[in-house]
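Participant: Attaching a predicted model along with its sequence, questions to come.
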Amino acid sequence: MTQTEANRIIDRLTYGCNWNRFDEPGVQAEYQRALMKYGYEQMNRAVDIALETDSKNVPPISALIKICKENRPPSFEVHNDTHCDVCNDKGYILQTEHVKNGDTVLQYEYVLYCPFCRVGQAQAYNGNNRKDHKCNAVCEPLTKYYDERAISEIRYANNHPHIMTDEEKETLRKKLTRIGLRMPIALDRGDAWEAETCPF
């Protein structure tokens, strides 16, 4: 919520209630600070409910927050029951495509949804199937671009994270030094805790 939206809600409380303390020092600023932590629509509904209950006094901040939390709209997030080892529970993977444009090569990333989990199936989208505002935006399944062998390689890579070799660590350190980032000595997992002093 922005400060102007918070002021609108304070104005509603000022004009909707018979008694308020907004003219006292610091009261309006404290209401602004508390109101700005929430969304405008959500707090607007909370004010409606508070004014229906009691329009004599301005409700305290704690009452508005309580009403706001009790009347939160339902969440539409989808979660997997079991871990999806294809997309790591993200629901999508990024497909990178290089397109040559004259002398330059442009890199594009496309989102492909994972048809193997519930989170991924929730990401499926085809703008041509909409009734009201049709568009050409389409989120296609990753099975359209990857065969079974490639999908099994993705599963293997997600289940067996790569441990960097000493040569790869040194190459990474040199690349980061070249672009001006100082990188401490790359350590294997657990080395920092085993050392007596922290190398960083």
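Facilitator: Noted; the coordinates are in hand. Numbers count the residues shown, from 1 in each chain.
Participant: CA atoms for contacts and neighbours, from now on please.
Facilitator: Noted.
Participant: And for residue 23, the neighbour number?
Facilitator: Residues lying near residue 23 (other CA atoms under 10 Å) number 8.
Participant: Could you list the domains of this protein?
Facilitator: The chain breaks down by automatic domain parsing into domains covering 3-70, 92-159, 164-200.
Participant: low pLDDT regions in this structure?
Facilitator: For the chain, the stretches with pLDDT under 70 are 1, 73-77, 180-200.
Participant: Spell out, range by range, the helices that occur in the chain.
Facilitator: 3-16, 27-35, 40-53, 61-70, 118-122, 148-159, 166-178, 191-194 (DSSP state H).
Participant: contacts for the first one?
Facilitator: Contacts of helix 3-16 with the rest of the structure, by CA atoms under 8 Å, 6 or more residues apart in numbering, involve 20, 22, 28, 31-32, 35-36, 40, 43-44, 47, 51, 55, 58.
Participant: how about it: buried residues?
Facilitator: 5, 6, 7, 9, 10, 12, 13, 14, 16 (16 or more other CA atoms under 10 Å).
Participant: Please name the residues that touch the nearest residue to residue 83 once chain neighbours are set aside.
Facilitator: By the measure of CA to CA, 6 or more residues apart in numbering, the closest residue to residue 83 outside its immediate chain neighbours is residue 89, 6.3 Å from it. Taking CA under 8 Å, 6+ apart, we find residue 89 in contact with 80, 83, 117, 119, 120.
Participant: Turn these into TSV, columns for distance to residue 130 and neighbour count.
Facilitator: As requested, these are arranged in TSV below (distance: CA to CA, whole Å; neighbours: other CA atoms under 10 Å):
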residue	distance to residue 130	neighbour count
80	26	13
83	31	11
117	23	23
119	21	22
120	19	24
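Participant: Quick check: residue 29 vs residue 55, distance?
Facilitator: Relative to residue 55, residue 29 is positioned 21 Å away (CA to CA, to the nearest Å).
Participant: My error: substitute residue 85 in the last question.
Facilitator: From residue 85 to residue 55 the distance is 54 Å (CA to CA).
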